[in-house]
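Q: take this sequence and fold it.
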Amino acid sequence: MALKVVILAAGKGTRMRSKLPKVLQPLADKALLQHVIDTAQQLHCDEIITVIGHGAESVQSSVSGNNLVFAMQEQQLGTGHAVVMADEFYNADDTVLILYGDVPLTTESTLTDLLSLVDDTNPLALLTITLEESTGYGRIVRDQHSSVQAIVEQKDANPEQLAIKEVNTGIMAVKGAQLKKWLSSLDNSNAQGEYYLTDIIAMAVNDGFKVQTTQPANELEVLGVNDKRQLQGLERAYQRLLADELMVKGVTLIDANRIDIRGTVETAKDVQIDANVILAGLVRLGENVEIGANCILKNVTIADNTVIHPFSHLEDCIVGEDCIIGPYARLRPGTELANNAKIGNFVETKKAKIGEGSKINHLSYVGDTDMGQEVNIGAGTITCNYDGVNKHKTIIGDRVFVGSDTQLVAPVQIGDDATIGAGSTITKDAPQAQLTLSRSKQLTIVSWQKPTKK
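A: Have a look, this model is predicted:
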């Protein structure tokens, strides 16, 4: 016996008004379908069968996962028809979990609870939810003993059924043998002219089985997405949920409604994050880290006691302890800051290793550079690392002082304790413990006349 997950992801999503298939629309910078696949993988299932149709090639190339296979639904003839397309991938003794590519936030724990209800005696379990506003959902019809009898779709429901608040989420777990049997008996004699997967509920009851049900802890787990308004609403609700999780871990958020998490965030104690911060990819924040307003951090590790001032952008970099960054700093991929380093306002770094206690305080670019300890880089300094074809490296020793408005033309090496005079263009290695500068003679033209406006 094995667990097989079937994800229905063939729909076009016309109401999205987008060339991008609906299941690839982003939620927290990840495709809706990828959220579902990632959750399915947590269940340690034997196979994930994703039923695709509209934009099939794009969907296949945009998502990934272990044991992921695809089934094609050429015509979208309803949810029952979609599951039939996955028939060859599961056996009679398998348990089949049916999920939806546009319902991204169902949790592992909810699905585990649902699967626990299925066995040979109880071959079908259904995830339901009770809503005050149930318009658009299939209603769960129960008898006087509270046993599920059927699911009636909105367009087929009578006034009494429309008043029911318990509704179908579409998510169910079914034993393979019964699923194959019931699917073969589906017809499309309904208002939509489609093959409803939900019709197998009544078939199960007619076969003498009791339909098991459970409900999720949070309505967000079963919300689907049909248009951009719903997508944005789910994004904001999901972001608030992620913000709440951070605060439970002890993170201080200045405004929990103005933070965007688009990946995984690992935090130590006493982290503080100001408003309008975006955290993407894998972000690790040490103790006492402070992140100012309007910062973007993507795939970064920040060690203890570091302060990132507002409007700074860090990507694919590692920052040591007790560093100060920004405001308006940009640390590009490959930047590594040792402890007590300082990157000031309007400084850009790329593939640069900045030594302990070194400072680049303002208005400078340092790229493809290895920098030692206790270095001071003056304002307006540039490492000229690109010759138009290739990148070259600059090596700066310990305790070097580089004056303002200096160009270090790579490949070049500056020795320990060297001083570079302001305004220099350094094209050759500078020896250690010496002053090196390049400067043209200053002239004053006595007879020069300032031009006048004609």
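Q: so what's residue 266 up against?
A: Taking CB atoms under 8 Å, 6 or more residues apart in numbering, we find residue 266 in contact with 282-285. Yep, even glycine has a C-beta here, placed from its N, CA and C like the rest.
Q: should've said residue 74
A: Applying CB under 8 Å, 6+ apart, the residues contacting residue 74 are residue 53.
Q: name the SS class of it, please.
A: Classification of residue 74 using DSSP: H, G, I helix; E, B strand; the rest coil returns coil.
Q: distance check, it against residue 354.
A: 57 Å (CB to CB, to the nearest Å).
Q: before we move on, what about residue 215?
A: Applying CB to CB, the value for residue 215 to residue 354 is 53 Å.
Q: which of the two has more residues huddled nearby?
A: Remark: of residue 215 and residue 354, residue 354 carries more neighbours, 29 against 18, as counted by other CB atoms under 10 Å.
Q: wait, that one touches residue 339, no?
A: No: counting by CB atoms under 8 Å, residue 354 stays clear of residue 339, with 10.4 Å between them.
Q: show me where the stretch 251-400 of the chain dips below the pLDDT cut-off.
A: Applying pLDDT under 70 to the stretch 251-400 of the chain picks out no residues at all.
Q: and this protein, what are its domains?
A: Split into domains by automatic domain parsing, the chain comes to 3-222, 249-436.
Q: so which of those domains is nearest residue 447?
A: In terms of CB to CB, the element of the domains of the chain nearest to residue 447 is domain 249-436, at 26.1 Å.
Q: what is the burial count for residue 295?
A: Other residues close to residue 295 by other CB under 10 Å number 23.
Q: should've said residue 6
A: Residue 6 has 26 neighbours, counted by other CB under 10 Å.
Q: for it, pull up the helix or strand it's in.
A: strand 3-9 (DSSP states H and E).
Q: centre of the chain versus the following helix or strand past that strand, how much separation?
A: Moving toward the C-terminus from strand 3-9, the next helix or strand (DSSP H and E) is strand 26-27. Taking CA atoms, centre = their mean, to the nearest Å, the mean C-alpha location of strand 26-27 is offset from the chain mean by 8 Å.
Q: partner strands of strand 26-27, with direction?
A: strand 30-31 (antiparallel) (DSSP bridges).
Q: now the strand it pairs with: mean pLDDT?
A: Averaging pLDDT along strand 30-31 yields 97.
Q: what does it rub up against?
A: Outside strand 30-31, the residues that touch it by CB under 8 Å, 6+ apart are 23-25, 62-63, 262.
Q: before we move on, back to that, hmm, who's touching the strand holding residue 6?
A: Applying CB under 8 Å, 6+ apart, the contact partners of strand 3-9 are 23, 33, 36-37, 40, 43-52, 59, 79, 82-83, 86, 89-90, 94-102, 115, 176.
Q: go ahead and build a PyMOL selection from the buried members of the residues you listed.
A: Buried subset of the contacts of strand 3-9, written as a PyMOL selection, criterion 16 or more other CB atoms under 10 Å:
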select buried, resi 23+33+36+37+40+45+47+48+49+50+51+52+59+79+82+83+86+89+90+94+95+96+97+98+99+100+101+102+115+176
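Q: sec struct for residue 383, please.
A: Criterion first, three-state DSSP; result for residue 383: strand.
Q: quick check: it touching residue 366?
A: Yes: using CB under 8 Å, residue 383 makes contact with residue 366 at a distance of 5.2 Å.
Q: list residues touching both of these two?
A: With CB under 8 Å, 6+ apart, residue 383 and residue 366 have common neighbours residue 394.
Q: buried stuff in the helix or strand encompassing residue 57?
A: Per DSSP H and E, residue 57 falls inside helix 56-62. For helix 56-62, burial by neighbour count (16+ other CB under 10 Å) applies to 56, 59.
Q: give the other helices and strands that it contacts.
A: Applying 3 or more CB pairs under 8 Å, 6 or more residues apart in numbering; DSSP states H and E, one finds that helix 56-62 contacts helix 32-42, strand 47-52, strand 68-72.
Q: residues making contact with the second one?
A: Yep, that's strand 47-52 we're talking about. For strand 47-52, using CB under 8 Å, 6+ apart, the contacting residues are 2, 4-10, 33, 37, 40-41, 59-60, 63, 65, 67-73, 82-83, 85-86, 89-90, 101.
Q: if I look at residue 355, how far off is residue 400?
A: 10 Å.
Q: should've said residue 322
A: 21 Å.
Q: what is the burial count for the closest residue to residue 324 other than its chain neighbours?
A: Spatial nearest neighbour of residue 324, chain neighbours left out: residue 342 (4.7 Å); criterion: CB to CB, 6 or more residues apart in numbering. Per other CB under 10 Å, the neighbour tally for residue 342 reads 21.
Q: contact partners for residue 342?
A: By CB under 8 Å, 6+ apart, residue 342 lies in contact with 323-325, 358-361.
Q: ok, now with 7 Å
A: Counting by CB atoms under 7 Å, 6 or more residues apart in numbering, residue 342 touches 323-324, 359, 361.
Q: check residue 19 too.
A: Taking CB under 7 Å, 6+ apart as the definition, residue 19 has no contacts.
Q: residue 289 too?
A: Applying CB under 7 Å, 6+ apart, the residues near residue 289 are 271, 302, 306.
Q: which residues touch the first one?
A: Contact criterion CB under 7 Å, 6+ apart gives 251-252, 285, 289 as the residues in contact with residue 271.
Q: who wins for neighbours among those?
A: Highest neighbour count within the contacts of residue 271: residue 285, with 27 neighbours (other CB under 10 Å).
Q: list the contacts of that one.
A: Contact partners of residue 285, counting by CB under 7 Å, 6+ apart, are 267-268, 271, 302.
Q: out of those residues, who's nearest residue 122?
A: residue 267 (42.1 Å).
Q: among the contacts of residue 342, which ones are in helices?
A: In helices, judged by DSSP state H, none of those are found.
Q: mind putting the residues you listed in TSV, neighbour count and distance to residue 331 included?
A: As requested, the contacts of residue 342 are exported to TSV (neighbours: other CB atoms under 10 Å; distance: CB to CB, whole Å):
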residue	neighbour count	distance to residue 331
323	23	10
324	19	12
359	18	14
361	17	15
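Q: any chance of a markdown table for those, columns distance to residue 162?
A: Output for those, formatted as a markdown table (distance: CB to CB, whole Å):
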| residue | distance to residue 162 |
| --- | --- |
| 323 | 61 |
| 324 | 62 |
| 359 | 69 |
| 361 | 68 |
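Q: what's the local residue count around residue 270?
A: 15.
Q: and for residue 327?
A: For residue 327, using other CB under 10 Å, the count is 16.
Q: for the chain, what's the longest helix?
A: Ordering each helix of the chain by length in residues (DSSP H) puts helix 228-248 first.
Q: tell me what that one is packed against?
A: Using 3 or more CB pairs under 7 Å, 6 or more residues apart in numbering; DSSP states H and E, the elements in contact with helix 228-248 are strand 26-27, strand 252-253, strand 259-267.
Q: for the last one, which strands pair with it and how are they oriented?
A: It refers to strand 259-267. According to DSSP bridges, strand 259-267 has these partners: strand 277-285 (parallel).
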